[in-house]
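# sharing a model that was predicted from the sequence below.
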Amino acid sequence: MNANSIHVKRTATVLRPDQSRVLLRPFSPGGPQRAGRIIARIMSLPENRVGPLLDEVSAEFSQRHQQIHKALLERFEQVRDLLLTDGEISEQRKLLIGSYFVCEFSLESAALFNPSIVPHPDQSDLPPGALRFILSLRATGEGHISSITFRTGIIHVDHRIEVLPPTGFLTEPRQIPNPRYEKALFERKLFELGLTSGFTRRVMDKFGESFALEELRANLEAEVKQSRLSDRNAIRGILMLARSNYEVQFQPQQGLCERVIFPATPSQRNGIEDARFVCFQNDDGTHVYYATFTAFDGKVVLPELVETSDFLLFRFITLNGPAAENKGMAIFPRKINGLYAMLSRQDNENIYLMFSDNVHFWYERKVLLKPMFPWELVQLGNCGSPIETEAGWLVLSHGVGPLRTYCIGAFLLDHDNPGKVIGRLREPLLKPDQRERKGYVPNVVYTCGALLHNGELIIPYGMADHATGFATVPLDEVLAAMH
């Protein structure tokens, strides 16, 4: 069998960006001096004008955002230091001041694409043979800032794909204010960053096996008084590492489609891109969801990791070691021979394989696959985590060919020795058709993860970096077409 004998079915389900899905975000119109002038103008308004103005804001926006008054008060507290008075201020005026320092952000105004798909942790109350799934998507809005959003759906026994429509208000998680850090792991990461010194050892020696962020800040404040100028870089590095390893919490009453993971650290300033989620089986048989993603600050791209067991609490983790660089990392769904395994693409051209005893640290890489066929001669990379089959580890790949056309291919790795490639498609499994050529980036089909269900490969994929479609294909046909 050859690639032309593979029956790929494109479904009618297409998820398009919706500009009406808006998130309330902080708005900073210039520096502190300008913000102070704005507040002074609001403070000069007579009290009998404040109420009617606030009523106008509430009437226009309260149906678009949940608990908008709470959000406005929180924003007021963030700019309170710019007030030129210590006098009493009415709650209405506080709310009005807060309203001038927030704005709506249309989360997916530009694009909704590059999905990954994993089984939902809740498989109850389903028709026989059906599977409930979680779909993560890259949502791109104003300023080309990307975030992670979610949908849920069902794969029915006949392979029909049903994606539930999004409902409700968009909500960011609450950042856990005082997360705890494992001392040994934190010290190892400091060492990887080249920040180990007498100063950092003195700071870390004050902690037990774990410590909280506030404890760290208090110790640094105490040490900074007797620190040398050369220690100031270490202080910045310690705080940067702490802020980059953080936790956020959604509330259970917030539907999955309402939850948004928005950039929260300096390394993510310009976006969280192309999350590759995988349902990972631990040694004890329990499961956790990992996602590797690309953090982008406008200049530098960094691979980072997020972990969750319930899609309510998310832990963001830095990846360390000389091999933790560039884009396109994807974790295998379980350990192999006692080690974590991951695919990567450090040089922008080839696919690499890495092993580690700790999911946080990656040291050595080995070339696994190089571009060979015309449709992938520019670049080769993975399209999500490997899928375990009886024949071996199935990996969807992406290749870049003439006119920067992105296609999706596939290859097979040995089950016990994934460093051995035992099969490969010579032709693309999926390449852009006429409908998929037009978009934000033309001539692109791309996925960050597929799913196998009842012998059928379910592939959600980005269409021209704009919208998301779905394709299905029998697994046995893909395997039979490999050379």
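In hand now; what should we look at? Just so we're clear, the structure is a prediction, and the values are computed from it rather than from any experiment.
# the domain parsing of the protein - what is it?
The chain breaks down by automatic domain parsing into domains covering 3-18+110-170+255-480, 23-106, 180-244.
# with mean neighbour count and mean pLDDT as added columns, please give those domains in a markdown table.
The C-beta positions use only the backbone N, C-alpha and C, and glycine is treated the same way. Output for the domains of the chain, formatted as a markdown table (neighbours: other C-beta atoms under 10 Å; pLDDT from 0 to 100):
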| stretch | mean neighbour count | mean pLDDT |
| --- | --- | --- |
| domain 3-18+110-170+255-480 | 19 | 95 |
| domain 23-106 | 15 | 94 |
| domain 180-244 | 15 | 88 |
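# could you find the closest non-adjacent residue to Arg16?
Spatial nearest neighbour of Arg16, excluding adjacent residues (C-beta to C-beta, 6 or more residues apart in numbering): Ala467 at 4.6 Å.
# so the one you found versus Val14, what's the distance?
Ala467 sits at a distance of 6 Å from Val14 (criterion: C-beta to C-beta, to the nearest Å).
# centroid residue for this protein?
Ala275 (4.4 Å; C-alpha atoms, centre = their mean).
# tell me the first helix or strand C-terminal of the one helix or strand Arg188 maps to.
Arg188 belongs to helix 183-192 when assigned by DSSP states H and E. Using DSSP H and E, the helix or strand that directly follows helix 183-192 along the chain is helix 198-204.
# that following helix packs against which elements?
On a contact count with 3 or more C-beta pairs under 8 Å, 6 or more residues apart in numbering; DSSP states H and E, helix 198-204 meets helix 183-192, helix 213-224, helix 232-244.
# need those helices in TSV with distance to Arg160, can you?
Shown next, in TSV, are these (distance: least, C-beta to C-beta, whole Å):
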stretch	distance to Arg160
helix 183-192	45
helix 213-224	47
helix 232-244	42
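# who wins for proximity to Asn350 among the ones you listed?
Of all the helices and strands packed on helix 198-204, helix 183-192 sits nearest to Asn350, with 24.2 Å by C-beta to C-beta.
# need the contact partners of the closest one.
Helix 183-192 is contacted from outside by 196, 200, 204, 207-211, 237-238, 241-242, 245, 318, 320-321, 360-361, using C-beta atoms under 8 Å, 6 or more residues apart in numbering.
# alpha carbons of it, as CSV, please.
C-alpha atoms of helix 183-192 as CSV (Å, rounded to 0.1, in the frame of the first residue of the first chain):
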residue,chain,number,x,y,z
LYS,A,183,14.6,23.1,48.0
ALA,A,184,16.7,20.4,46.3
LEU,A,185,15.0,20.9,42.9
PHE,A,186,15.3,24.7,43.2
GLU,A,187,19.0,24.5,44.0
ARG,A,188,19.6,22.2,41.1
LYS,A,189,17.9,24.7,38.8
LEU,A,190,20.0,27.5,40.2
PHE,A,191,23.1,25.4,39.4
GLU,A,192,21.9,24.9,35.8
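# and the angle from it to helix 232-244?
130 degrees (axes from the mean of the first three to the mean of the last three C-alpha atoms, to 10 degrees).
# helix or strand for the residue nearest to the centre of the chain, which one?
According to DSSP H and E, Ala275 maps onto strand 271-281.
# show me what that strand is packed against.
By 3+ C-beta pairs under 8 Å, 6+ apart, strand 271-281 packs against strand 111-119, strand 131-140, strand 146-155, strand 287-296, strand 327-331.
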